[in-house]
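Colleague: Compute the structure for the input listed below.
(one chain, ligands or ions: 1)
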Amino acid sequence: GREVRVAAVDLGATSGRVMVGTVALAAGPGGVDRLELEEVHRFPNAAVRAGDGLFWDVLALHREVVRGLLLAARGGRLDAVGIDSWAVDHGLLDRDGLLLGNPFSHRDKRTDGVAAQVATVVGPAEQYAVNGLAALPFNTVYQLVAARGTAALESAETLLLLPDLLGYWLTGAVGAERTNASTTGLLDIAAGEWATALASRLDLPWSILPPLREPGDVLGALLPEVAAEVGVPEGGLPVVAVASHDTASAVVAVPAAGDDPGGDVAYLSSGTWSLLGLELDAPVLTEDARTAGFTNEGGLDGTVRFLRNVMGLWVLSESLRTWEAAGVPGTDLPTLLAGAADPARATPLHTVVDIDDPRLLPPGDMPSRIAAIAAEAGEPVPGTPVEVVRAVLDSLALAYRRTLHEAVRLAGRDPAVLHVVGGGTRNTLLCQLTADACGLPVVAGPAEAAALGNVLVQARALGLDLPDRAAMRGLVARTHELLRYEPAAGLDWAAAAERLAGAGRPVEVG
Ligand code: LFR
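Modeller: Down below sits the predicted model:
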């Protein structure tokens, strides 16, 4: 069959990647399918503290994207480019199309207390009925409310979410890709349009919200000066809107084919954040779903990502950063994970904490914060880095257990396995603990799900026969090796869950 070669830009909070994806479908029986990824450029990413704020270095991201495209184009003809990244964060353009300041990180403290303040104007239940979104403090809508009265917001003509901003610098085209727009809090989930009335009630300038675009839409070709930098002919390389929210792209590549005959797709997208939930055809907008902290975000082809944010491997990566800065020996990840798997060095389920405690959201000294949270809850305070790591992994697995059980209950579904995708699949201890805690087999892989989902949507836009999610997922399942973890008995997860429940569980804002 025909082969396409595309560049997938996948930006995460700790690193960005430009991958070349090659896709070809078997032409008839006996033919071979191809879905391959080659990493051509990887670069570190981190929020930058400057003055009072926590910002993204978005020009550096643009430079690395262009550099990655150059490297990708050197290796052979490219048919298209697509960009995905984390959600909610955005830049503001002035009337000349120039960026107004540096985009804030969603971990910036300016949104502290904003959700509660907004709740006094538009009640949380009413917001949820419109946008279906969990009231996380960093939702774009709360970031904008925090920015009311600032010079930047007052001069803003256009708001662009990060992948759309980078796409704008590549093509000059302005728009808001739908899956990512669904994380702003300003998309009306039933109407599929911007919630302009909600924006007005919050005194937000809804006219800055650009026209919506669908995954698969073509933004345009690279601008002449970008094409020259990348080394491709003018007009030669189209930029395609993918499911530009990284989690939406990752869900596209969940290899749920064959093992889920009932069609209930449960997934954990495991990276800086952990996103655990179900793919549904329609949102669950019940009061139960709202108070349990579930969100209804937009997926490919009108699907709903009914999921909950769990704090994720962020807590681990920030702990490592803290130990490294302090020069604590033996705190590289492999050493710590080996220690955490050894019951002689870290007793399983010894310390469990609410990993979603809002104190763990901003950057900083996680080991101290975990110690404080444990002490407050009457849990043993971890004494060594290995014990801290074990506590984090046990606590994550417990949060997955609670979230999966709640998702299944709230949506009335019955998944046979939990698919784990993303970088977190490389953490074999966490995969096993997840299976144990959830009492469900875990199927782990692929690690680069977001990039694969990005590639698949581009391949379809270029005309490959990938009509629906089943076709895309079947291709992933046939071309990628997956690891299966059976739940082991032995640890009393229910008792640990009881301990946590007793300590109270702050989920809700407002
Ligand atoms: C994961 C993710 C989550 C979103 C968080 C903030 O990378 O996109 O889905 O809630 O980052 O944008």
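Colleague: okay, the residue of the stretch 351-500 of the chain found nearest the ligand: pLDDT?
Modeller: In the stretch 351-500 of the chain, the residue that lies nearest the ligand is residue 450 (8.1 Å; CB to the nearest ligand atom). (Glycine included, C-beta is placed from N, CA and C.) pLDDT for residue 450: 98.
Colleague: Give me the number of neighbouring residues for it.
Modeller: When counting by other CB atoms under 10 Å, one arrives at 34 neighbours for residue 450.
Colleague: What of residue 279?
Modeller: With other CB under 10 Å as criterion, residue 279 counts 24.
Colleague: And residue 348, by the same measure?
Modeller: Neighbour count of residue 348, defined by other CB under 10 Å: 16.
Colleague: now it, nearest residue through space, not along the chain?
Modeller: residue 491 (5.5 Å; CB to CB, 6 or more residues apart in numbering).
Colleague: Can you tell me how far that neighbour is from residue 340?
Modeller: Residue 491 sits 14 Å away from residue 340, going by CB to CB, to the nearest Å.
Colleague: Comparing those two, which shows the higher neighbour count?
Modeller: Using other CB under 10 Å, the more surrounded residue of residue 491 and residue 340 is residue 340, with 25 against 15.
Colleague: Might you report the residue contacts of that one?
Modeller: 346, 386, 389, 390, 393, 429 (CB atoms under 8 Å, 6 or more residues apart in numbering).
Colleague: all strands of the stretch 301-450 of the chain, in order?
Modeller: Taking DSSP state E, counting those that start in this stretch as the criterion, the stretch 301-450 of the chain carries its strands at 304-310, 418-421, 442-444.
Colleague: packing partners for the last one?
Modeller: When contacts are defined as 3 or more CB pairs under 8 Å, 6 or more residues apart in numbering; DSSP states H and E, strand 442-444 packs onto strand 418-421, helix 428-438, strand 483-485.
Colleague: Need the contact partners of the shortest one.
Modeller: When contacts are taken as CB under 8 Å, 6+ apart, the neighbours of strand 483-485 outside the stretch itself are 417, 425, 428, 431, 432, 434, 435, 441, 442, 443, 444, 445.
Colleague: Just put these in a markdown table and tack on distance to the ligand.
Modeller: Output for these, formatted as a markdown table (distance: CB to the nearest ligand atom, whole Å):
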| residue | distance to the ligand |
| --- | --- |
| 417 | 21 |
| 425 | 15 |
| 428 | 22 |
| 431 | 19 |
| 432 | 23 |
| 434 | 18 |
| 435 | 22 |
| 441 | 24 |
| 442 | 19 |
| 443 | 20 |
| 444 | 18 |
| 445 | 18 |
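Colleague: Tell me how many other residues crowd residue 79.
Modeller: For residue 79, the neighbour count with other CB under 10 Å is 20.
Colleague: who's in contact with the closest residue to it other than its chain neighbours?
Modeller: Once flanking residues are discounted, residue 79 sits nearest to residue 4: 4.8 Å by CB to CB, 6+ apart. Taking CB under 8 Å, 6+ apart as the contact definition, residue 4 lies against 22, 23, 24, 79, 80, 458, 459, 462, 464.
Colleague: From the residues you listed, which land in strands?
Modeller: In strands, defined here by DSSP state E, the members of the contacts of residue 4 are 22, 23, 24, 80.
Colleague: Please identify which pair of these lies farthest apart.
Modeller: Largest separation among the ones in strands among the contacts of residue 4 by CB to CB: 24 and 80, giving 14.9 Å.
Colleague: Please say which of these two ends up with more neighbours.
Modeller: Taking neighbours as other CB under 10 Å, residue 24 and residue 80 compare with residue 80 leading, 22 against 18.
Colleague: Please tell me I have it right and the more buried one contacts residue 238.
Modeller: Yes - in this structure, residue 80 is within contact of residue 238 by CB atoms under 8 Å, at 5.1 Å.
Colleague: residues touching the closest residue in space to residue 445 that isn't next to it in sequence, list them.
Modeller: Leaving aside its sequence neighbours, residue 445 sits nearest to residue 482 (CB to CB, 6+ apart; 4.3 Å). By CB under 8 Å, 6+ apart, residue 482 lies in contact with 255, 443, 444, 445, 446.
Colleague: Can you list the low-confidence ranges for the stretch 251-400 of the chain?
Modeller: When residues are selected by pLDDT under 70, those of the stretch 251-400 of the chain lie in 258-263.
Colleague: and residue 428, how many neighbours?
Modeller: Neighbours of residue 428 (other CB under 10 Å): 13.
Colleague: An error on my part: the question was meant for residue 96.
Modeller: 6.
Colleague: three-state assignment of it?
Modeller: coil (DSSP: H, G, I helix; E, B strand; the rest coil).
Colleague: can you pull the pLDDT of the nearest residue to residue 361 once chain neighbours are set aside?
Modeller: Of all residues not flanking residue 361 in the chain, residue 107 sits nearest, at 6.0 Å (CB to CB, 6+ apart). For residue 107, the pLDDT comes out at 98.
Colleague: which residue does the stretch 251-400 of the chain bring closest to the ligand?
Modeller: Closest approach between the stretch 251-400 of the chain and the ligand, counting by CB to the nearest ligand atom: residue 273, at 4.1 Å.
Colleague: Can you find which helix in the chain contains the most residues?
Modeller: Longest helix of the chain, by residue count under DSSP state H: helix 385-411.
Colleague: Go through that one and flag the buried ones.
Modeller: 385-404, 406-408, 410-411 (16 or more other CB atoms under 10 Å).
Colleague: same deal with stretch 215-230?
Modeller: Buried positions in stretch 215-230, judged by neighbour count with 16+ other CB under 10 Å: 215, 216, 217, 219, 221, 222, 223, 226, 227, 230.
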